[in-house]
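Build me a structure from this.
(4 chains)
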2 protein chains.
Amino acid sequence: MTDEPRRATIHQVARLAGVSHQTVSRYLRHDAGMKPDTRQRVDAAVKALDYRPNLVARSMRTRRTDRLAVVLPSPHWFPVRLMIAASATAHAAGYQLDVVSAEGSTEERIAELADSGQVDGILSLAPVDSPPDTRIPILVSGTYDQEMHGAGELADGSAVSEIVEHLAGLGHRTFFHLAGPPNYTSARNRKLVYLETIARLGLRSYGVADTNWSAQAGYDAIAALPADSGVTAIIAANDGLAMGAIRATTDRGLRVPEDVSVFGWDDEELGRFATPALSTVAVDREAQGREAILHLIATIRGEPAPAKSPRDLNQLVFRESTAPPPD
Amino acid sequence: MTDEPRRATIHQVARLAGVSHQTVSRYLRHDAGMKPDTRQRVDAAVKALDYRPNLVARSMRTRRTDRLAVVLPSPHWFPVRLMIAASATAHAAGYQLDVVSAEGSTEERIAELADSGQVDGILSLAPVDSPPDTRIPILVSGTYDQEMHGAGELADGSAVSEIVEHLAGLGHRTFFHLAGPPNYTSARNRKLVYLETIARLGLRSYGVADTNWSAQAGYDAIAALPADSGVTAIIAANDGLAMGAIRATTDRGLRVPEDVSVFGWDDEELGRFATPALSTVAVDREAQGREAILHLIATIRGEPAPAKSPRDLNQLVFRESTAPPPD
DNA sequence: CTGAAAGCGCTTACAG
DNA sequence: CTGAAAGCGCTTACAG
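As a prediction, the model looks like this:
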């Protein structure tokens, strides 16, 4: 905390050990070919001075940092499970993970970060139109999704059609979609697939509400539905919206799932234990985070991209908030 | 992505602009005393080469990084709201925020980080017994809590006694506590205050379950309670545990809140819209995050600690999961 | 108002 | 197996 105990440098360690500073450097790199005696002397000096290398100086010289950055689209959103898996995967491979949020131009933030020399690679969870030309690898989540799900297929799309098909199979004919914010690629894609599936199966959509991601927004949108809308099935873009929708439905005297079915997305813990327990989409965020980081690291090292998870990352989970409609 | 467009250096910009490299450096620092003509030439060169400074080199020379680190106790836990506020506060003050998790010895991780030269200050949300002697400021969350709540008072304690008092006022006599993991200071403190308040008011505690933080653990603990336990009030250490407790209660044919009251902690969004809506403790995580970062930055700059929030950061929120017990 | 010199703390060839 | 030299890309006094 004080300024006085300025940290020991490699020179001081060298002096104390009676060797040159690059011998200390060798010690730090666990160089195999050191005389045991020399190694011992250095080791003692390192311990005596409580020496730890200045990583900034090291990076400056090596042009490597062993750090990766994840760029988030907004400072108000944090994909916890994905990040935990990403971080664990990075650590296991010897990298530290930094989190930065875009705020403003994602392209500019990425270019800046790439040129700053502070990281060896970047994973962007924020959309990037044209990746800037950089010295280090940039992996954009959208790109990744595309590769992962096969070209031409829309990210996250298939699960929506499965939901609609399932509910239609139960007998539902009139649907409503709580879509989330249209500036999110995933939200836009799901809406498209929703509308397309409704059309393909000859069903009826009472409407689509572009909302934010909050439970309150779900509540408000459903509370605003006219009594004669005829909607018996609500498909929400996340579990918060679904919980809001359920509460709005019961607050107006209807039952879930007897009168109205509600489907969520994300398989959040609280929704699993709510009454009715939420039918939802379980997304394998861990696999997403892990695979994205492995892919990025492979690129940094110039290795081929690792194999991707064979199974679909989205799984429908049917619980208590969905059932056949009333006659 | 390719290796060829190695980034422009300050020397190349200088050469193109026909000035010395430290004039470019001045330009970057927005030095006021530059001839407009010179400034213009440098500006043009910077744009032409798409130059962005190497921040590692800058840090090396200035011994500053404009980065702060937050140390988390575990890679499996992430306080989203606190971190969002912390990050926003840091950015507003010109700092970038790094997130690292302790894994192993928190003290060692902090010492390493402090000596690495990679950050200017550290906020530890993980417990630290004896802060290592470092060149940069370390702020430990526990320390901070202590200062914030007044010496001698236990962090988070008062809200628990308020909850017990409130439920006792409603007529409850037999309580149960879902305590969370005992290796968390906050969990331990709340348990202590729970037991102390029960004793002080002459109430009865059927027991305390040391759990993890999951809804499943809350479910299991309550499902395991004997039918004749007489418990009418359950106080949970977080909303997940509370949701699990509610579901276990209703699954055995009892009603919440008519037969059993359940109190949560954290005011999570989904619990607000559940049925019954969760009574809980709203913790001002934003204020916690903001104040911790402001405190840290003030220390870095050698300024006095900023004023703390005048009001209590914990507020009880009474909703539908609590009511008087049956006679 | 601008330039020549020194140096931040490391590592990487290169000698010996 | 170890040491002397050079240099990573910046900024900070110091001259002029």
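
shouldn't A:Val231 be in contact with A:Leu225?
Yes. Counting by Cβ atoms under 8 Å, A:Val231 touches A:Leu225, with 6.3 Å between them. C-beta coordinates here come from the backbone N, C-alpha and C atoms, glycine included.

Next, show the common contact partners of these two.
Common neighbours of A:Val231 and A:Leu225, using Cβ atoms under 8 Å, 6 or more residues apart in numbering or on different chains, are A:Phe176, A:Tyr206.

So which of the two has more stuff around it?
Each of A:Val231 and A:Leu225 has its neighbours counted (other Cβ atoms under 10 Å in any protein chain shown); A:Val231 has more, 23 against 20.

In which helix or strand does that one reside?
In this assignment (DSSP states H and E), A:Val231 forms part of neither any helix nor any strand.

Over to the one 10 residues further on?
In this assignment (DSSP H and E), A:Leu241 forms part of helix A:239-251.

Next secondary structure after that helix?
Where DSSP H and E defines the elements, the next helix or strand beyond helix A:239-251 is strand A:261-263.

Need the contact partners of that following strand.
Residues from elsewhere that reach strand A:261-263 (Cβ under 8 Å, 6+ apart): A:163, A:167, A:170, A:172, A:232-236, A:242, A:245-246, A:249, A:256, A:278-281, A:321-323, A:325.

who in the stretch 1-150 of chain A is up against DNA strand D?
Residues of the stretch 1-150 of chain A found near DNA strand D (Cβ under 7 Å from any atom of the strand) are A:19-20, A:22-23, A:26, A:33-35, A:37-38, A:60-61, A:63.

Just the closest of those residues to chain B, please.
Of all those, chain B sits closest to A:Met60, with 5.0 Å by Cβ to the nearest Cβ.

Helix or strand: which one has the closest one?
For A:Met60, the element it lies in under DSSP H and E is helix A:55-62.

re the thing from before, which of the contacts of strand A:261-263 are buried, as a ChimeraX select command?
Selection of buried members from these for ChimeraX, criterion 16 or more other Cβ atoms under 10 Å in any protein chain shown:
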select /A:163,167,172,232,233,234,235,236,242,245,246,249,256,278,279,280,281,321,322,323,325
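
A:Leu68 belongs to a helix, doesn't it?
No. Assessed with DSSP: H, G, I helix; E, B strand; the rest coil, A:Leu68 is strand; it does not lie in a helix.

From A:Ala292, how far out is the nearest residue to A:Arg81 once chain neighbours are set aside?
Setting aside the residues directly before and after it, A:Arg81 is nearest to A:Arg285 in space (Cβ to Cβ, 6 or more residues apart in numbering or on different chains), at 3.9 Å. Distance from A:Arg285 to A:Ala292, counting by Cβ to Cβ, to the nearest Å: 11 Å.

same check, this time on A:Asp43
According to Cβ to Cβ, A:Asp43 and A:Ala292 sit 39 Å apart.

Which residue of those two possesses the greater neighbour count?
Taking other Cβ under 10 Å, A:Asp43 and A:Ala292 do not tie; A:Ala292 has more neighbours (24 against 13).

Now do the contacts for the more buried one.
Neighbour list for A:Ala292: A:Ala86, A:Leu123, A:Leu139, A:Ser141, A:Tyr144 [criterion: Cβ under 8 Å, 6+ apart].

Could you do A:Leu123 as well?
A:Leu68, A:Ala69, A:Val70, A:Val71, A:Ala86, A:Leu139, A:Ser141, A:Ala292, A:Ile293, A:Leu296.

got TSV for the residues you listed, with distance to A:Ala159 and pLDDT too?
Listed next are the contacts of A:Leu123 as TSV, based on distance: Cβ to Cβ, whole Å; pLDDT from 0 to 100:
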residue	distance to A:Ala159	pLDDT
A:Leu68	29	96
A:Ala69	29	94
A:Val70	24	93
A:Val71	25	91
A:Ala86	22	94
A:Leu139	23	90
A:Ser141	17	76
A:Ala292	19	92
A:Ile293	24	94
A:Leu296	25	94
